[in-house]
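Peer 1: Mind folding the following:
(chains A and B)
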Number of protein chains: 2
Amino acid sequence: MGEKRTPSGFLLKQRAFLKLYLITLTEQERLYGLKILDLLRQEFKPYGYRPNHSEVYKALHDLIEDGILKQVKQKKEGMKYQEVVYYRFADGGYEKAKLYKRQLKAELDRCAALIRKAIEDNFS
Amino acid sequence: MGEKRTPSGFLLKQRAFLKLYLITLTEQERLYGLKILDLLRQEFKPYGYRPNHSEVYKALHDLIEDGILKQVKQKKEGMKYQEVVYYRFADGGYEKAKLYKRQLKAELDRCAALIRKAIEDNFS
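Peer 2: The predicted model follows:
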């Protein structure tokens, strides 16, 4: 209290938003190391949002630290030295991921409502 | 360029959101110095958002710096020493405010679409 900064609870943070997408891409077995940034940038391009490299990799790092994801390295077929890096759920990570997604759903619904309110309050 | 941080265009910033509300409250002649924070906190309480003092006053300060609002001080009726502080549009401020609101409307629509997309992509 006192000097401590308390979160104001404004809109969802970018980090959480990206973690949510990384979890869903893992569920869909679509999370490959080299392609993550391109894939996300392509998805969000029509929405004027261009996630940067460091934000995406911090989100990925968080998920590994949280025990949700793990990195898997596999040799490319027929290639002696080339490895493909991809991501899977860590042991027990899938349960944690489901919990995180439930929290994020509530958070996204809250943000949608706050934005709807702002549109109504200021433009009607 | 190069070292410069480019904005990623994620969700609307809190400062802009508050400036929008302060403009609309001025249009409605409801912007009184002492009541601003209480009024905003009450509005957003059901949405889990509690703007803090410094964010609100920075937004107000920005609007004055931008030439959109001006502060008006008036003696309280029958009170010799008490002043009421409120806000009105500065000269030419109303036109600037309308332009700002148009920009914010587009920005809110963009954010609403981005959140809708996240709900669809991750929860269906």
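Peer 1: So stretch A:112-124, near chain B or not?
Peer 2: Yes: for stretch A:112-124, a contact with chain B is found by CB under 8 Å from any CB of the partner chain, at A:Ala112, A:Ala113, A:Leu114, A:Ile115, A:Arg116, A:Lys117, A:Ala118, A:Ile119, A:Asp121, A:Asn122, A:Phe123. Where you see a C-beta, it was placed from the backbone N, CA and C, and this is true even at glycine.
Peer 1: Run through chain A and note the low-pLDDT ranges.
Peer 2: The model of chain A has pLDDT under 70 over residues A:1-6.
Peer 1: mind running it again at 80?
Peer 2: Applying pLDDT under 80 to chain A flags residues A:1-7, A:33-34, A:76-81.
Peer 1: would you list every one of the strands in it?
Peer 2: Along chain A, the stretches classed as strands by DSSP state E are A:69-75, A:83-89.
Peer 1: A:Lys45: which of these is closest?
Peer 2: strand A:83-89 (22.8 Å; CB to CB).
Peer 1: Which other helices and strands does the closest one contact?
Peer 2: If you count contacts as 3 or more CB pairs under 8 Å, 6 or more residues apart in numbering or on different chains; DSSP states H and E, strand A:83-89 packs onto helix A:14-27, strand A:69-75.
Peer 1: Return the list of strands paired to the shortest one, each annotated with direction.
Peer 2: If I follow you right, that is strand A:69-75. For strand A:69-75, the paired strands and their directions (DSSP bridges) are strand A:83-89 (antiparallel).
Peer 1: between the strand it pairs with and helix A:14-27, what angle do the directions make?
Peer 2: Computed by axes from the mean of the first three to the mean of the last three CA atoms, to 10 degrees, the angle separating strand A:83-89 from helix A:14-27 equals 100 degrees.
Peer 1: Those residues of chain A touching chain B, which are they?
Peer 2: Residues of chain A lying near chain B (CB under 8 Å from any CB): A:6, A:8-12, A:14, A:17, A:20-21, A:23-24, A:43-44, A:47-52, A:55, A:101, A:104-105, A:108-119, A:121-123.
Peer 1: Report the buried members of the residues of stretch A:112-124 next to chain B.
Peer 2: The neighbour-count test (16 or more other CB atoms under 10 Å in any protein chain shown) applied to the residues of stretch A:112-124 next to chain B identifies A:Ala112, A:Leu114, A:Ile115, A:Ala118, A:Ile119, A:Asn122 as buried.
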